[in-house]
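Asks: just need the structure, nothing else, for what follows:
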Amino acid sequence: MKTEKTFKTFSGYYFLILQLALVSILIAGIANNSVLISLISVLLIALIGIGFSVINPNQALVIILFGAYKGSVRNNGFFWLNPFVVKKKISLRARNFISETIKVNDKVGNPVMIAMVLVWKVADTFKATFEVEAYEKFVVVQSESALRRLAGLYPYDNYEDETATITLRTSSDEVNLKLEGEIKERLAIAGIEVIEARINHLAYASEIAGTMLRRQQASAIVAARFKIVEGAVGMVELALESLSKKKIVDLDDDKKASMVSNLMVVLCSEESAKPVVNAGTLYS
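Replies: Numbering: from 1, shown residues only. Okay, the predicted model is just below:
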């Protein structure tokens, strides 16, 4: 497979001086009514004028002569090239591509909405020009294809796949590295350098978003209640141990059970407890 090579150029200022000299010769030929000198001067002036090219920073020229690739010019400045060559300008600047939000199925089959940001630039002008048709469209199509494939490799989260160590929602660094590698592999044929690729939008599709939100809320409530109960048990255990250690009051098993029940209700209840004053003894 061919790759980019450097094309030798000439400074445009030398040929500009030459062209000015030819203009002087043309004027002299017209003044002396010399048709041959005038025609030759006009022809040379036209040929030299066609060969002038200005290359801006971060821009390249791909040079083609009679269907054959002759090289690429990456240096910026004012140059003169063979007037018979075909010159194609290619930008070497970094570009952003923001994909459309697409609907795909994750690893467990849930539909998710996903989008990405890609930063890229042309690294090999030969491959970008001759190996693919319309390299800019090639970048768009292959990047979205890589994004679809990536979304199918991992679950959105680990609610349904508890064994998953990498998920789209929680493992952004690993997922972005995988996405970047996938896109680099696909765009290598076009001579494209991938600077950065990352997911910038991720959500459940609208048809399941409500259900998944309720599931997440339920899981959060269960986790919170578990923490509350766990803390309440510790507090009850500490209270019983402290009463027993300090010998403040002796409680039999029934009263301990009643105290535990009351404390658990007070500590785990979602509403504020309403105290009841016992004016009698512990047993009445």
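Asks: and S242, how many neighbours?
Replies: As a burial measure, S242 scores 10 neighbours (other Cβ atoms under 10 Å). Where C-beta positions appear, they are placed from N, C-alpha and C, glycine not excepted.
Asks: same question for T6.
Replies: Residues near T6, counting by other Cβ under 10 Å: 10.
Asks: and the pLDDT for the residue sitting nearest the centre point of the chain?
Replies: The geometric centre of the chain, computed from its C-alpha atoms, lies nearest to R198 (Cα atoms, centre = their mean), at 2.4 Å. At R198, the pLDDT value in this model is 92.
Asks: how is it assigned, secondary-structure-wise?
Replies: strand (DSSP: H, G, I helix; E, B strand; the rest coil).
Asks: would K178 count as being in a strand?
Replies: No: K178: not assigned to a strand; according to three-state DSSP it is helix.
Asks: name the element the closest residue to it other than its chain neighbours belongs to?
Replies: Leaving aside its sequence neighbours, K178 sits nearest to L150 (Cβ to Cβ, 6 or more residues apart in numbering; 6.1 Å). Assigned by DSSP states H and E, L150 belongs to helix 135-151.
Asks: for that helix, buried residues please.
Replies: With burial defined by 16 or more other Cβ atoms under 10 Å, the residues of helix 135-151 counted as buried are Y135, F138, V139, Q142, S143, E144, A146, L147, L150, A151.
Asks: just list whatever residues bridge to the residue nearest to the last one when sequence neighbours are not counted.
Replies: In other words, A151. In this structure, A151 finds its nearest non-sequential neighbour in V104, 4.2 Å apart by Cβ to Cβ, 6+ apart. Note on V104: beta-bridge partners V112, judged by DSSP bridges.
Asks: show me the shaky parts of the stretch 151-284 of the chain.
Replies: 159-164, 207-226, 232, 236, 240, 243-244, 246-256, 258-284 (pLDDT under 70).
Asks: now the residue nearest to A151: how far from A115?
Replies: Remark: distance between V104 and A115 (Cβ to Cβ, to the nearest Å) = 11 Å.
Asks: between those two, what contacts are shared?
Replies: L147 (Cβ atoms under 8 Å, 6 or more residues apart in numbering).
Asks: can you show me the helices along the protein?
Replies: Ranges of helices within the chain are 12-31, 35-50, 125-126, 135-151, 172-187, 206-246, 253-268, based on DSSP state H.
Asks: contacts for the shortest one?
Replies: Applying Cβ under 8 Å, 6+ apart, the external contacts of helix 125-126 come out as K2, T3, E4, K5, A60, V62, Y69, S72, R74, I90, G191.
Asks: need the worst-confidence member of those.
Replies: pLDDT across those is lowest for K2, at 79.
Asks: these two touch, right, it and K70?
Replies: No: shown here, K2 and K70 do not form a contact pair, counting by Cβ atoms under 8 Å, at 11.8 Å.
Asks: tell me which of those two has more neighbours.
Replies: Neighbour count, other Cβ under 10 Å: between K2 and K70, K70 has more, with 16 against 10.
Asks: residues contacting that one?
Replies: By Cβ under 8 Å, 6+ apart, the residues touching K70 are F7, I63, I64, V85.
Asks: which one of the residues you listed has the most neighbours?
Replies: Neighbour count (other Cβ under 10 Å) singles out I63 as the most crowded of the contacts of K70, with 23 neighbours.
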